[in-house]
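Enquirer: sequence plus predicted model, see below.
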Amino acid sequence: YSAKRARDGSQVWTPDGATDPRDRLQTLEELRGALDSDQLVPHYQPQLDLRSGQVTGVEALVRWAHPERGLLAPDTFLGLAEQAGLMRRLALRVLERSLRDLQGWRAAGHDLSVAVNLSVSNLADVALPDQVAMLLEATGVPAAALTLEITEDVLMADAARSSQVLAGLRALGVRLSIDDYGTGYSSLTYLRALPVHELKLDRSFVGQLTSDVRSAAIVRSTLQLGRDLGMTIVVEGVEDAAALAVLREWRCDVAQGYHVARPMAAEDVLDWLAARLPTPAAPLPG
Ligand code: C2E
Ligand code: MG
Ligand code: MG
Ligand code: MG
């Protein structure tokens with residue numbers, strides 16, 4: 001195993017030997033163990049509502065707190081979990097933890113929502129809506145305070161089954177979001193067909209917002225499309241003040257990225273919220 005920097009800047013370990021069947025097997029055994037213990041934990045990245053200047057939500061991003069190797073980034077174990085059929089358990093873990101943490105912050109007076117990522121196999125799992133309903137009930141979180149993020153490839157994998165699961169989730173009153181929007185296929189077809197509430201524009205577009213006129217045009221017209229469709233647009237990967245200023249001027253709904261905050265452990269969220277300097281609200285349109 002070797003160290004590398006995680007995308008969020010924390011030190012993570014990556015399994016070099018993942019191609020060696022013995023290492024894979026060992027990692028798989030450890031992953032099963034991690035699911036039975038409390039080693040898989042979400043970290044949370046704030047989402048800034050640009051109209052109000054308030055942080056109105058957080059995205060849950062799973063990490064594996066490995067006893068020897070430290071904090072592992074999701075890229076290092078999600079593929080293995082998917083292949084080994086562990087994604088249902090992983091999703092339920094992350095959902096349960098996220099909803100419990102959220103309920104704590106809400107009880108402390110913060111009107112927050114949480115966004116949880118789902119995978120291909122989660123969307124093929126017809127039991128998911130009932131399980132989400134039970135977790136909402138058990139934690140007392142209102143359905144509208146939960147957003148479920150799915151990527152375009154998830155939608156393509158098994159359209160018939162996933163639309164059944166999506167309909168079941170939507171009937172609960174949870175919000176649905178398309179993650180990494182703009183990087184997959186046939187976006188306009190499913191935008192017309194699918195009952196989603198939110199688009200998260202992939203960070204590759206905002207990264208070049210102030211340097212590339214084509215990226216800027218795509219961001220701007222996606223914001224317009226979102227408004228016309230009555231959908232919330234979240235722009236992810238906002239890394240600097242210049243991009244944030246442009247997004248605010250263009251009446252983007254929500255911004256997420258290192259410039260707002262990096263993902264953080266659950267126990268740091270309340271302190272971060274308390275220490276945060278107020279962001280100015282957007283200028284009135286017109
Ligand atoms: P994602 O859902 O698109 O999450 C955003 C990723 O971008 C996160 O990486 C986040 O740390 C990173 N990020 C946030 N702001 C910035 C920024 O300003 N600049 C840059 N360069 N990166 C930024 P992370 O945490 O490593 O997660 C990677 C992916 O793993 C996620 O992408 C998501 O697809 C998946 N994932 C994470 N947690 C879960 C989970 O609980 N279940 C499932 N199924 N997938 C998950
Ligand atoms: Mg996401
Ligand atoms: Mg994304
Ligand atoms: Mg992604």
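Expert: That came through, no problem. Ligands and ions are numbered 1, 2, ... in the order given.

Enquirer: below-threshold pLDDT in the stretch 101-250 of the chain: ranges please.
Expert: Where the stretch 101-250 of the chain drops to pLDDT under 70, the residues are 185-187.

Enquirer: swap in 90 and give it another go.
Expert: Within the stretch 101-250 of the chain, the segments meeting pLDDT under 90 span 120, 151-163, 182-196, 207, 210.

Enquirer: that one: helices as residue ranges?
Expert: Secondary structure of the stretch 101-250 of the chain (DSSP state H, counting those that start in this stretch): helices at 120-123, 128-139, 152-157, 159-172, 187-193, 203-206, 213-229, 241-249.

Enquirer: adding distance to Asp23 and mean neighbour count, write the ones you listed out as CSV.
Expert: All C-beta atoms are positioned from the backbone trio N, CA, C, and that covers glycine. Shown next, in CSV, are the helices of the stretch 101-250 of the chain (distance: least, C-beta to C-beta, whole Å; neighbours: other C-beta atoms under 10 Å):
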stretch, distance to Asp23, mean neighbour count
helix 120-123, 23, 22
helix 128-139, 31, 16
helix 152-157, 27, 18
helix 159-172, 33, 16
helix 187-193, 38, 13
helix 203-206, 31, 20
helix 213-229, 40, 15
helix 241-249, 40, 17
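
Enquirer: for Gln256, which of those is the nearest?
Expert: helix 203-206 (8.8 Å; C-beta to C-beta).

Enquirer: what residues does that closest one touch?
Expert: Contact with helix 203-206 is made by 182-183, 215, 218-219, 222, 235-239, 243, 247, 257, as judged by C-beta atoms under 8 Å, 6 or more residues apart in numbering.

Enquirer: going by distance to ligand 2, which of those wins?
Expert: Glu236 (7.4 Å; C-beta to the ion).

Enquirer: touching, the closest one and Leu201? I think so.
Expert: Yes. Glu236 is within contact range of Leu201, at 6.8 Å (criterion: C-beta atoms under 8 Å).

Enquirer: who has more neighbours, those two?
Expert: Leu201 (25 against 21; other C-beta atoms under 10 Å).
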